[in-house]
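Peer 1: Predicted model and sequence below, questions to follow.
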Amino acid sequence: MNRHLTPLEGRVLGVLYEKQHTVPDTYPLSLNSLVAGCNQKTARNPVMEATESDVLVALDSLKAMSLLVEVSGSRVARYEHNLPRGLGVPGQSAALLSTLLLRGPQTAAELRLNAERLHRFADVSSVEAFLDELATKTPARVVKLARAPGARESRWAHLLCGEPALPVYEAHAEGGSGGMDISAGELGTLKADVGRLTDELSTLRAEFDALRRELGLLPAAGGSDAV
């Protein structure tokens, strides 16, 4: 592969690999099936609305990169992927890359679950081992993203379409600021909440002091004797 894939080329490649394992009776895929697979509303991130002409352009490009082949001998043209050989990766890694192409960044545990129909990994450690291998290839095929605020695990993203677009919090983490962008409206809400909590705390303190006076633990208001 001599260049990065476009998002649609990546989607086509992922769909071909997925359908080979999930609907083998209809594989290799026709153009109509490929378009439907690219535009699925479920198990896809992001959701696309590709046309037949869009997919045909992607198919021609993938054929030129030896990542798929057109199967002859049928009244309808059909297509099959050449992903493992084209990228020089084993089937386990191809399953992970296909799942990332179709569903976007995921944790190792999510990848194990979502790739189960493509390859059944023994455990999360096995997934991480193949991800680490993909990350150290030349060129690297995946990258481990900065952990999201409050998240327990980091997510992984493929690099077949170039560097992934990072959400704001991840862009800050990559830049070393460690902060988050807060809008003016959110800042105003936070200030209002702080003011409300401060007022409530003052009221509670006054009620607590009044109770202590009733119990004789504090001098009456205006008194000077210490207890």
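Peer 2: Nice, I can see it.
Peer 1: Please enumerate the helices of the protein.
Peer 2: Remark: helices of the chain, listed N- to C-terminal, are 7-22, 31-38, 52-64, 83-87, 91-103, 108-114, 124-135, 168-175, 184-214; assignment by DSSP state H.
Peer 1: could I get the ones you listed as CSV with distance to residue 44?
Peer 2: Where C-beta positions appear, they are placed from N, C-alpha and C, glycine not excepted. Formatted as CSV, the entries for these read as follows, by distance: least, Cβ to Cβ, whole Å:
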stretch, distance to residue 44
helix 7-22, 8
helix 31-38, 8
helix 52-64, 14
helix 83-87, 18
helix 91-103, 6
helix 108-114, 11
helix 124-135, 21
helix 168-175, 21
helix 184-214, 31
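Peer 1: Let me know which of these is the nearest to residue 158.
Peer 2: Nearest to residue 158 among those is helix 91-103; the distance by Cβ to Cβ comes to 4.1 Å.
Peer 1: Alpha carbons of the closest one, in PDB - could you do that?
Peer 2: Once side chains and other backbone atoms are set aside, the C-alpha atoms of helix 91-103 remain, and they are given as PDB (Å, rounded to 0.1, in the frame of the first residue of the first chain):
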ATOM      1  CA  GLY A  91      -5.600 -13.100  10.000                       C
ATOM      2  CA  GLN A  92      -5.900 -12.000  13.600                       C
ATOM      3  CA  SER A  93      -4.500  -8.600  12.800                       C
ATOM      4  CA  ALA A  94      -6.700  -8.300   9.700                       C
ATOM      5  CA  ALA A  95      -9.800  -9.000  11.900                       C
ATOM      6  CA  LEU A  96      -8.800  -6.200  14.300                       C
ATOM      7  CA  LEU A  97      -8.000  -3.700  11.500                       C
ATOM      8  CA  SER A  98     -11.300  -4.500   9.800                       C
ATOM      9  CA  THR A  99     -13.200  -3.900  13.000                       C
ATOM     10  CA  LEU A 100     -11.400  -0.600  13.500                       C
ATOM     11  CA  LEU A 101     -12.200   0.400   9.900                       C
ATOM     12  CA  LEU A 102     -15.900  -0.300  10.400                       C
ATOM     13  CA  ARG A 103     -16.500   0.900  14.000                       C
END
